[in-house]
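> Return a 3D structure for these sequence lines:
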Amino acid sequence: MIQIIETGLAVSHEAAVADLIKQMVDGHIEDIRPVIDISRESGVCYPQVEPMPGKTAEEVVRILDSLAAENILETRFYDRLIFCPVCGSLNLRASTRCPKCSAFFADEEAKVHCVNSYILNRQSRNRIAFDMGSRAGFSGFLKRQGYEVFETVKVSSKAGSGVEQVLDMLARRSDGFMTFFIGIGVVMGKDNDDICMEDAFRFDNQVSDLGIHDKVLLAMPSLNSEARQFARRQRIKAFDARELGEFLDISTGVPSHPVRELPFKYEGKAQLLEYLRLQGYRTEEKARIPGRSGVDYTIDIMTYFDDGLFTHTISIGILTDRQEVGLAAVSVYDANVSDIGIHDKILLVSPALSGEARQFAEQQRIKIIEVSSAAALA
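I've put the predicted structure just below:
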């Protein structure tokens with residue numbers, strides 16, 4: 001199971017902050033200069049960006065520092081403020097006596113705070129323009145297809161090492177029947193160079209460790225030949241700047257698939273097929289699918305969902321037994337589906353699973369739907 005621990009780890013993705021960045025990119029704000037304000041605890045305010053919607057003045061200062069840490073803004077020294085070490089009040093000039101509380105102190109005891117002004121980091125302009133343009137456009141496409149999109153998100157999963165991973169973007173679509181995840185990496189080449197295989201490998205290792213099979217890599221400006229070959233082998237859908245622009249242009253004609261909130265309860269095969277149709281799935285009964293071993297397999301119900309980026313394939317198997325479906329039957333089903341290369345697996349079982357089979361199904365991430373009567377599976 002994939003667990004989202006924390007989102008929005010990059011302050012630049014907050015709506016109010018993104019609007020500030022856009023104003024700076026467009027040239028409406030060139031230099032964010034401080035103004036000394038002795039009524040403030042910090043001793044300074046930034047009237048050009050205050051008030052920022054939903055943020056206090058002190059939070060705005062922390063946001064500016066965070067944007068500098070993300071290399072979106074550059075800091076420039078503006079002034080040096082001196083605070084009383086006893087009462088914390090601001091002194092406008094160096095002194096050994098506080099004009100507010102009359103405390104005496106040595107120069108080295110005074111609290112000194114350096115105040116900065118902020119300008120746009122010119123070297124990061126391409127990345128900022130990408131985040132505001134193509135990245136935002138890609139996120140919008142996913143949302144039109146019913147996905148929730150999480151930016152700079154910390155994720156954990158029981159599927160791999162258990163180590164928490166931070167992804168640039170994570171998309172999740174849940175319709176009450178299935179949940180799909182797309183892991184998305186955003187990599188900018190240094191000095192405008194193409195990204196290398198090391199960058200692609202690092203992203204693939206992160207996402208694969210989480211057990212996410214649908215992977216997208218947004219590479220700016222492009223990938224070198226070695227990285228592109230690696231992406232193909234690992235079935236990573238990679239876009240460079242040109243390809244992403246073309247995809248976004250084409251995507252305007254892709255039908256939207258907003259999530260329909262339809263609770264699912266199994267009542268029979270015909271009802272299941274109709275439910276899937278209403279949710280936008282395409283189904284095929286008794287589908288003959290070749291495996292990588294060369295063996296053909298018959299899948300009870302093959303289900304497809306095309307979101308315009310990936311075609312998600314789901315295998316639905318049916319297993320019955322007089323008392324309980326055992327480990328052997330579930331293991332054979334899992335092996336057959338894995339040979340085909342399908343990751344999303346569902347089993348309709350009647351009347352129930354054995355303990356061993358249930359444990360195995362959990363390990364292999366097979367969704368189990370137990371049906372009391374075998375007649376309801378016909």
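> per-residue pLDDT, residue 316?
Looking at residue 316, its pLDDT stands at 97.
> okay but it is in contact with residue 348, surely?
Yes. If you go by Cβ atoms under 8 Å, residue 316 and residue 348 touch, sitting 6.7 Å apart. Glycine gets a C-beta too; all of them are placed from N, C-alpha and C.
> so what sits against both of the two?
Here residue 316 and residue 348 have residue 300 as joint contacts, going by Cβ atoms under 8 Å, 6 or more residues apart in numbering.
> so where's this structure uncertain?
Within the chain, the set of residues satisfying pLDDT under 70 comprises 8-9, 91-96, 107-108.
> Which helix or strand contains the residue nearest in space to the middle of it?
Relative to the mean C-alpha position of the chain, the nearest C-alpha, by Cα atoms, centre = their mean, is the one of residue 170, at 2.0 Å. Using DSSP states H and E, residue 170 falls within strand 165-174.
> And residue 139, by the same measure?
With elements delineated by DSSP H and E, residue 139 resides in helix 136-144, which encompasses its position.
> elements contacting that helix?
For helix 136-144, the helices and strands in contact under the criterion 3 or more Cβ pairs under 8 Å, 6 or more residues apart in numbering; DSSP states H and E are strand 148-157, helix 241-251.
> Distance to residue 10 and mean neighbour count for those - can I get that in TSV?
Putting these into TSV (distance: least, Cβ to Cβ, whole Å; neighbours: other Cβ atoms under 10 Å) gives the following:
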stretch	distance to residue 10	mean neighbour count
strand 148-157	4	19
helix 241-251	20	14
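> Next one: the residue nearest to residue 41 when sequence neighbours are not counted from residue 16, what distance?
Nearest-residue entry for residue 41: residue 58, 7.0 Å, with adjacent residues in sequence omitted and distances by Cβ to Cβ, 6 or more residues apart in numbering. In this view, residue 58 and residue 16 are 15 Å apart by Cβ to Cβ, to the nearest Å.
> Which one's more surrounded, the two?
Applying other Cβ atoms under 10 Å to residue 58 and residue 16 shows that residue 16 carries more neighbours, namely 15 against 12.
> A strand includes the more buried one, no?
No. According to DSSP: H, G, I helix; E, B strand; the rest coil, the state of residue 16 is helix, so it is not within a strand.
> From residue 129, how far out is it?
From residue 16 over to residue 129 the distance is 19 Å, taken as Cβ to Cβ.
> any chance you could read off phi and psi for the nearest residue in space to residue 98 that is not next to it in sequence?
Using Cβ to Cβ, 6+ apart and skipping the chain neighbours, the partner closest in space to residue 98 is residue 84 (3.9 Å). Note on residue 84: backbone dihedrals following degrees, to the nearest 10 are phi -70, psi 130.
> ok, now which ones touch residue 84?
With contacts defined as Cβ under 8 Å, 6+ apart, residue 84 is in contact with 90, 91, 98, 100, 101, 103, 105, 110, 111.
> I'd like those as a markdown table, with distance to residue 150, secondary structure and neighbour count appended.
Output for the contacts of residue 84, formatted as a markdown table (distance: Cβ to Cβ, whole Å; DSSP: H, G, I helix; E, B strand; the rest coil; neighbours: other Cβ atoms under 10 Å):
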| residue | distance to residue 150 | secondary structure | neighbour count |
| --- | --- | --- | --- |
| 90 | 41 | strand | 22 |
| 91 | 46 | strand | 18 |
| 98 | 48 | coil | 21 |
| 100 | 47 | coil | 13 |
| 101 | 48 | coil | 11 |
| 103 | 50 | coil | 14 |
| 105 | 49 | coil | 15 |
| 110 | 45 | coil | 17 |
| 111 | 39 | strand | 14 |
